[in-house]
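*Asks:* Give me a model of this one.
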Amino acid sequence: MGKDSKSKPKDSGGKGKGKQPAGASDDAGSKGKGKSGKDGLGTCTYVKARHILCEKQGKINEAYKKLQDGWLDSGDKVPPAEFAKLAAEYSECPSGKKGGDLGWFPRGKMAGPFQEVAFNTVVGATSAPFKSTYALPSSFHT
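*Replies:* Purely as a prediction, here's the structure:
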């Protein structure tokens with residue numbers, strides 16, 4: 001996930017409750033005021049992300065393995081369209097029907113680890129699976 005210099009989000013969709021996210025997507029970015037550090041993250045107010053949310057750890061591991069085999073193991077970024085296909089196939093969140101797209105959301109909208117991963121994943125990167133506050137495995141694509 002990342003940031004840019006814009007100050008208002010295009011949309012503020014997304015829900016942070018429920019199962020864990022399983023990755024982040026390339027079409028994500030972040031908006032807001034703040035200085036960027038060497039990593040380009042800086043401090044942002046909004047972020048845009050895709051995710052895969054699964055109740056079972058084994059299911060998110062299977063989805064993440066496909067991301068690794070296809071792109072991550074070779075050091076490539078996961079194309080947003082490919083992440084969206086996996087989200088549609090694996091995600092148990094209503095956003096799965098939209099390729100896992102959560103849209104733009106502000107700091108404080110999502111809970112705990114979900115927000116931390118969303119605001120700390122570099123733009124275009126995919127996070128490893130993690131457990132959210134709601135004890136379900138997830139992954140983000142920024």
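*Asks:* mind listing the helices for this structure?
*Replies:* 57-70, 80-90, 112-120 (DSSP state H).
*Asks:* for the last one, packing partners?
*Replies:* Looking back up the chat, that one is helix 112-120. strand 46-53, strand 130-131, strand 137-141 (3 or more CB pairs under 8 Å, 6 or more residues apart in numbering; DSSP states H and E). C-betas here are computed from N, CA, C, even on glycine.
*Asks:* Report the angle between it and strand 46-53.
*Replies:* Counting by axes from the mean of the first three to the mean of the last three CA atoms, to 10 degrees, helix 112-120 points 130 degrees away from the direction of strand 46-53.
*Asks:* Any buried residues in helix 112-120, and which?
*Replies:* Buried residues in helix 112-120, counting neighbours by 16 or more other CB atoms under 10 Å, are found at 113-115, 117-120.
*Asks:* For burial, what's the neighbour tally of Lys97?
*Replies:* Burial of Lys97 is recorded as 11 neighbouring residues (other CB atoms under 10 Å).
*Asks:* for this structure, what are the low-confidence residue spans?
*Replies:* 1-42, 134-142 (pLDDT under 70).
*Asks:* can you do 80?
*Replies:* Scanning the chain for pLDDT under 80 picks out 1-43, 133-142.
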